[in-house]
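Visitor: got a structure for you, letters missing:
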């Protein structure tokens, strides 16, 4: 199985660690230091939260300010609409913001969060019927 590592810049490493642990993630101390934290979403998905200055050492390109531009939005499927709402409420309580209202398409329900640095996260629930057969095969309610 491929493991996924998503690198995100932060202006405040301690604030980011607090945010991600508040929404249910763990921090792997083996890959965490004064420049970066390894946020564990699952056995196969990790975020490397990197101080912006440290993040910049990995590229010659300018580092975008995630409060001003979106280059990537990472989305996580949840087991129910209630699970989507629960993680978003945790994220809001931990300092995240919700940039737009929930999107309800009947077959799919999603909500977005910006972490305290402005990095975009999406949380969604898709009905099993839609996930299996595609949205065009789901009856409108």
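Guide: Right, received. Where do you want to start? No experiment lies behind these values; they were computed from the predicted model shown. Numbers count the residues shown, from 1 in each chain.
Visitor: which stretches in this protein count as strands?
Guide: 4-10, 26-28, 36-40, 45-51, 73-77, 103-104, 108-114, 120-126 (DSSP state E).
Visitor: what are the pairing partners of the second one, and which direction each?
Guide: Next to strand 26-28 in the sheet, as set by DSSP bridges, lie strand 36-40 (antiparallel).
Visitor: residue contacts, the residue most central in space within the chain?
Guide: By CA atoms, centre = their mean, the chain has its centre lying nearest to residue 121, at 3.3 Å. Applying CB atoms under 8 Å, 6 or more residues apart in numbering to residue 121 gives the contacts 73, 74, 75, 76, 91, 96, 112, 113, 114, 115. (Each C-beta comes from the backbone N, C-alpha and C, glycine too.)
Visitor: can you redo those residues as CSV with pLDDT and distance to residue 85?
Guide: What follows is the contacts of residue 121, written out as CSV (pLDDT from 0 to 100; distance: CB to CB, whole Å):
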residue, pLDDT, distance to residue 85
73, 86, 19
74, 91, 19
75, 94, 15
76, 94, 14
91, 97, 11
96, 97, 14
112, 97, 13
113, 96, 12
114, 96, 17
115, 96, 18
